[in-house]
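S.K.: fold the following.
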Amino acid sequence: MRRHATLTLLVAGGLSLLLALGGCDSLTSYNENPNEATSANPNNLLANAQRYLSGEVYAGTNMMRRSNVWAQYTTQNFYPSESRYSPVDYPWTGFYTRLTDLKTAKQIAKERPGTVQNQGNFQAVATIMQTWAFQILTDAYGDIPFAEALQQRGNQSPAYTAQADIYPALVDSLNTALDKINTGAAGPSGDLVNGGNMEMWQKFANGLKMRIALRGYELDANWGDLGGPGDIISNAVDPNTNGEPLTSNADNVYFQFGTSATHRNTYYENREVDFRDDFDGSARFIDFMKDKYGGTADPRLDAYFEQTSNSGRPCEDGSGEYEGFPFALEQGDAQGLYGANPTCGFSRPEAWFPNGPSGEGDSFAPMMYYDEVLLTKAWAADEGLISGTPQELIADAIEASVNFYGNQTSADISGSSSATQNYISQVQSDFGSNPKQVIGEQRYISFYMHNIQGWSTWRRFDFENVLGGPEGGVAGGFDSYAPLRVPYPSSEANLNGQNYTAAANKCSGDFQGSSGSEGGAQNEDEDCRVAWDVDGPPSANAYSAD
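M.R.: Modelled structure (predicted):
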């Protein structure tokens, strides 16, 4: 177990700084602000930000009612309106508040160097956390306050920075953080993610560079001295530059939630405290895992979903069968189907409670796993950006993912089993005819329950016959068969009206798929895409059960 810091470092309720409205040119610099608090402990602020940012992305609402249903991994089985995209929203204020806490922590650490064990390592960890969070924000919304963000009272009306400018700045910030890391010195005592292990932060930063480069490969950006996505990936995998990315499952990065009522995860509360039964596996995703590759089932089914049974909750495994609930039915149909079947007649998501990878706590929020690095290498090798055999790297990625879930859940699966090896053979067989489709599909499968990464993978790779319109139709006047970005929160109209209107109007005109709706900022077109989503979805309502 590598979590050395404890949840007692968390500040109840956080620093409660104002919504991050203000400015810096990069994540590694800030404008001095005499109005900012200077008495808080930077390690407490770091721990608090890690916990609450993780809670924003891995939660009963923002994961189970937002990112999971946008990727169509799971569906609501009784009150399905959110699975039918009513509403489509995502955290904003919570993200910016914690990003501001991280900036403040960096400032206090510089002003009071005796509060941290190693200045460079503390600055690096806080910056890497900011980069991870900012990428999630821009991947959800597109253009966001960034270059002028996090100044609080110094600038309460920050302009929105174009995503094409944000992506290079994120890589630049990661490079600056990597230059600060001293793996031979102590990491922050408030680090709840990697327990102050700076080699882990070095690997995570390189992995994030790879994630950004892959997603931004077709982005019309000025990468400057970074060269471009290919150079960024080559740099990230070169052990002689600034270390390596993740090299085994032991390097997997996640946040482990605690067990107290204050710090436990809200999805855990939904399942284990409130004993609710709101979510089932989507029939589309379960059928995809069962049948996509020549009818050879993905062994991770046993880790991702409960088997069907005639028992009451908790459902008893043993049938060997998996049955998904139809994705996003109309409410009357959903409730009729739910009521007409046994309690465990459909496969719920496996909860992965109570322990998680650290051996304690209630649930864990993934941040990056080793199999993602391998699949990024497979994509880069297929593009000719790095050396390597894509099929072998895909096989290694599947084995790593299966082994991780076999070790961390009750699933009886392993990467060396005949079932896994047969599955890998089928995946490799399909690779020859459509490499990008297979790499995209495998990334999508591996990103299950991983904030917005699965949804972003579908938008980036545009693979066919997986996602489609809700079976009950879209709700609330939504115009697209699946969300392509998140509209800006209405609160921005009051807090930052002029800049908000300018950014939102890009998605009411002719930008990235927008069909020119006439409603202005209050009616962002659902067909509008983020800047790196160059091609858009494969076709209208592309889902096929065949």
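S.K.: residues touching residue 475, list them.
M.R.: For residue 475, the contact set (C-beta atoms under 8 Å, 6 or more residues apart in numbering) comprises 81, 84-86. No exception for glycine: its C-beta is placed from N, CA and C like everyone else's.
S.K.: tell me which two of the residues you listed sit farthest apart.
M.R.: Greatest spatial distance among the contacts of residue 475 (C-beta to C-beta): 81 and 85, at 8.6 Å.
S.K.: so where do the helices sit in the stretch 401-546 of the chain?
M.R.: 418-431, 435-446, 453-461, 491-495, 497-505 (DSSP state H, counting those that start in this stretch).
S.K.: OK, contacts around residue 98?
M.R.: Applying C-beta under 8 Å, 6+ apart, we find residue 98 in contact with 14, 48-49, 52-53, 56, 133.
S.K.: share the number of residues neighbouring residue 48, please.
M.R.: 25 (other C-beta atoms under 10 Å).
S.K.: mean confidence score for the host helix or strand of it?
M.R.: Using DSSP states H and E, residue 48 maps to helix 42-57. Averaging pLDDT along helix 42-57 gives 96.
S.K.: likewise stretch 234-244?
M.R.: 95.
S.K.: ok, and what's touching it?
M.R.: 175, 178-179, 181, 183, 199, 202-203, 205-207, 209-210, 213, 245, 377, 385-386.
S.K.: likewise stretch 486-496?
M.R.: Contact with stretch 486-496 is made by 19, 21, 88-90, 92-93, 140-141, 145, 156-158, 500-501, 503-504, 507, 521-522, 524, as judged by C-beta under 8 Å, 6+ apart.
S.K.: in strands, which of the residues you listed fall?
M.R.: Those of the contacts of stretch 486-496 mapping onto strands are residue 145, per DSSP state E.
S.K.: filter the contacts of stretch 486-496 to the buried ones?
M.R.: Neighbour counting by 16 or more other C-beta atoms under 10 Å classes 19, 21, 88-90, 92, 140-141, 145, 158, 500-501, 503-504, 507, 521, 524 among the contacts of stretch 486-496 as buried.
S.K.: so how far is the helix or strand of the chain with the lowest mean pLDDT from its chain's centroid?
M.R.: Taking mean pLDDT, DSSP states H and E as the measure, the chain has helix 266-268 as its least confident helix or strand, at a mean of 82. Once both centres are worked out by C-alpha atoms, centre = their mean, to the nearest Å, helix 266-268 turns out to sit 17 Å from its chain's centre.
S.K.: okay, the residue nearest to residue 366 when sequence neighbours are not counted: pLDDT?
M.R.: The shortest distance from residue 366 to any non-neighbouring residue, by C-beta to C-beta, 6 or more residues apart in numbering, is to residue 450 (4.6 Å). Per-residue pLDDT puts residue 450 at 95.
S.K.: distance check, residue 450 against residue 442.
M.R.: Noted for residue 450: a distance of 13 Å to residue 442, by C-beta to C-beta, to the nearest Å.
S.K.: again with residue 365
M.R.: In terms of C-beta to C-beta, residue 365 sits 22 Å off from residue 442.
S.K.: can you map out the helices along the stretch 51-200 of the chain?
M.R.: Along the stretch 51-200 of the chain, the segments classed as helices by DSSP H, counting those that start in this stretch run 68-70, 93-111, 119-141, 163-180, 198-215.
S.K.: same question, the stretch 251-400 of the chain
M.R.: 266-268, 283-291, 301-304, 331-339, 370-382, 390-408.
S.K.: are any of the contacts of residue 475 buried, and which?
M.R.: Buried members of these, scored by 16+ other C-beta under 10 Å, are 81, 84-85.
S.K.: where does pLDDT dip in the chain?
M.R.: For the chain, applying pLDDT under 70 flags the ranges 1-39, 352-362, 476-477, 508-523, 540-546.
S.K.: ok, residue 252 - contacts?
M.R.: Each residue near residue 252 by C-beta under 8 Å, 6+ apart is listed here: 246, 357, 366, 368-370, 404.
S.K.: hmm, 10 Å instead?
M.R.: Residues counted as contacts of residue 252 (C-beta atoms under 10 Å, 6 or more residues apart in numbering) are 200, 203-204, 246, 357, 364, 366-372, 400, 404, 408.
S.K.: do residue 73 as well
M.R.: By C-beta under 10 Å, 6+ apart, the residues touching residue 73 are 63-64, 67, 279, 281-282, 284-286, 288, 304-305, 324, 327, 349, 444-445, 447-450, 454-455.
S.K.: on that earlier part again, angle of the helix holding residue 48 against helix 119-141?
M.R.: Interaxial angle, helix 42-57 versus helix 119-141 (axes from the mean of the first three to the mean of the last three C-alpha atoms, to 10 degrees): 20 degrees.
S.K.: make residue 1 into 44 and carry on from there
M.R.: From this message on, residue numbering opens at 44, which makes the last subject helix 85-100.
S.K.: next, the angle helix 136-154 makes with helix 85-100.
M.R.: 160 degrees.
S.K.: list the helices and strands helix 85-100 packs on?
M.R.: With contacts taken as 3 or more C-beta pairs under 10 Å, 6 or more residues apart in numbering; DSSP states H and E, helix 85-100 sits against helix 136-154, helix 162-184, strand 296-299, strand 407-411.
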